[in-house]
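Asks: sharing a sequence plus its predicted fold:
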Amino acid sequence: MRRVLLCAPLALVVGMLGLPFLVLATGANTPVVQPESLGTVPARVLDAYRAADGACPGLRWQLLAGIGWVESRHGTVGGGVIDAETGEVRPWILGPPLDGSGGLPIIRVGRWQGWWGLEGPFEQAVGPMQFRAPTFTSWAVDADDDGTANPHDVDDAVATAAAYLCGAAGGAIDTGVDGERRALRRYNAGSDYADEVLEYAAALEGTLLVASGAWVCPIAGPTSFTDTWGAPRSGGRQHRGVDMFARMGTPVVAPVGGVVEHSEDRLGGLSFRLWGTDGHFYFGTHLAGYGPLKGEVRAGTVVGYVGSTGNAAGTGSHLHFEIHPSRRRGDPPSAVNPTPTVEAHCGRQRVGVVLSGGT
């Protein structure tokens, strides 16, 4: 990794000049995001955020994700697509020209002509984290060690944002909302900006939509479910999944490719564990039986059948389904609310909402 010296991002320059707050990539202020309206976090970008977690004391990956959401919708604004292998966003994301229009400052492109898509005559913010050229160059991190620090590469852009936030904060970010707000004001001096980033980061603590183009609904048939994340359960537990009700024996399939394992206990009954090739861990339980295969499977492979085993006896047959983003073998549980992901990928077979039952 390579790190160099300080220069403020465009958003901060705008704030220091007393000009209106601007979301560079989207071109307009957007409403503060609510948990139920969280957009998809592409798995490739989520990995970049999590890789920068704790880059300095007090920096959490959710704060970086909030910045990425506000600046470029995680690299997807304007139809952006993240290359699964390189992490580069295409088409390249460029902010509006700094030509004095709309309350923006006038900054000539100068020696940055031709730098990562800058064609002039005015500077533009660059990449999914929307850096000015001098800023990115000053704090550049080659996070994927490919020999080039690329502002359009989510790995490099997120790691550079982390380096900037940490460096500008003196090597550590004070814990708590006030400390994070101060750090964000170094990235963008607008108070509205900090509010939106912090709101999104707070929502990610309990709700996260994890998905990719190949993601498959885990129930291969009609299903009904509701969001009961955090609801009380027996023994003082809280619900840490989504209960997907379906007819007894409905096939349960792997939502992504990966390695499937079987397990059984009194609480869940028959269960499957899926270590996904997307880097996430998936868990399903209360199965009536297992699918014909275990070990390496593709997305859509039958891994079991909907049942009511374990402590689900006496309730309607259902699959208790969990998602643990970026969990590796040996890691502690990291479940997030899977309901937004399930809603996004099971809409065609959803037949209603069940408001009772489930374990």
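Replies: Here it is on my side, so go on.
Asks: grab the nearest non-local neighbour of residue 317.
Replies: residue 248 (4.3 Å; CB to CB, 6 or more residues apart in numbering). C-beta coordinates here come from the backbone N, C-alpha and C atoms, glycine included.
Asks: and the strands in the protein?
Replies: 41-42, 81-82, 89-90, 210-211, 223-224, 242-245, 251-253, 258-265, 269-276, 281-290, 295-297, 302-306, 318-324, 350-352 (DSSP state E).
Asks: can you flag the weakest of these by average pLDDT?
Replies: Averaging pLDDT over each of the strands of the chain singles out strand 210-211 as the lowest, with a mean of 52.
Asks: is residue 204 in contact with residue 64, as I believe?
Replies: No: contact criterion CB atoms under 8 Å: residue 204 and residue 64 do not qualify, at 10.4 Å.
Asks: give me the pLDDT for residue 340.
Replies: Looking at residue 340, the pLDDT reads 88.
Asks: just residue 64 next, same as before
Replies: Among the per-residue scores, residue 64 holds a pLDDT of 95.
Asks: helices of the stretch 101-250 of the chain, residue ranges please.
Replies: Per DSSP state H, counting those that start in this stretch, the stretch 101-250 of the chain carries helices over the ranges 133-139, 154-168, 177-187, 191-204.
Asks: what is the last one packed up against?
Replies: Put plainly, it is helix 191-204. Packing partners of helix 191-204 (3 or more CB pairs under 8 Å, 6 or more residues apart in numbering; DSSP states H and E): helix 61-72, helix 177-187.
Asks: pick the most deeply packed of the ones you listed.
Replies: helix 61-72 (a mean of 26; mean count of other CB atoms under 10 Å).
Asks: any idea how far residue 286 is from the residue in the chain sticking out farthest from the centre?
Replies: Distance from the C-alpha centroid of the chain, by CA atoms, centre = their mean, peaks at residue 314 (36.6 Å). Residue 314 sits 12 Å away from residue 286, going by CB to CB, to the nearest Å.
Asks: ok, residue 114 next?
Replies: 59 Å.
Asks: same thing with residue 311?
Replies: 8 Å.
Asks: these two - which one has more neighbours?
Replies: Neighbour comparison, residue 311 and residue 286: the larger count goes to residue 286, with 29 against 19 (by other CB atoms under 10 Å).
Asks: show me what contacts that one?
Replies: 268-271, 306-310, 312, 317-320, 359 (CB atoms under 8 Å, 6 or more residues apart in numbering).
Asks: nearest to residue 260 among these?
Replies: residue 271 (10.7 Å; CB to CB).
Asks: and the nearest residue to residue 129 once chain neighbours are set aside, how many residues sit next to it?
Replies: In this structure, residue 129 finds its nearest non-sequential neighbour in residue 157, 4.2 Å apart by CB to CB, 6+ apart. By other CB under 10 Å, the residues close to residue 157 number 34.
Asks: so residue 157 sits right up against residue 128, yeah?
Replies: Yes: under the criterion of CB under 8 Å, residue 157 makes contact with residue 128 at 5.3 Å.
Asks: gap between the residue most central in space within the chain and residue 106?
Replies: Geometric centre of the chain, nearest residue: residue 41, 3.5 Å, by CA atoms, centre = their mean. Counting by CB to CB, the separation of residue 41 from residue 106 is 35 Å.
Asks: who touches stretch 158-167?
Replies: 1, 3, 6, 9, 45, 48-49, 51-52, 55-56, 59, 63-64, 67-68, 128-129, 131, 135-136, 139-141, 143, 149, 151, 172-173, 183, 186-187.
Asks: please name the residues that touch the residue nearest to residue 129.
Replies: Contacts for residue 157 (CB under 8 Å, 6+ apart) come out as 48, 127-129, 131, 136, 150-151.
Asks: hmm, 10 Å instead?
Replies: Residue 157 is in contact with 45, 48, 64, 68, 71-72, 75, 87-89, 93, 126-131, 136, 140-141, 143, 149-151, counting by CB atoms under 10 Å, 6 or more residues apart in numbering.
Asks: quick check: which ranges of this structure have low pLDDT?
Replies: Applying pLDDT under 70 to the chain flags residues 1-40, 205-214, 352-359.
Asks: picking that back up, surely the residue nearest to residue 317 and residue 312 touch.
Replies: No: the pair residue 248 and residue 312 does not pass the contact test of CB atoms under 10 Å, sitting 11.2 Å apart.
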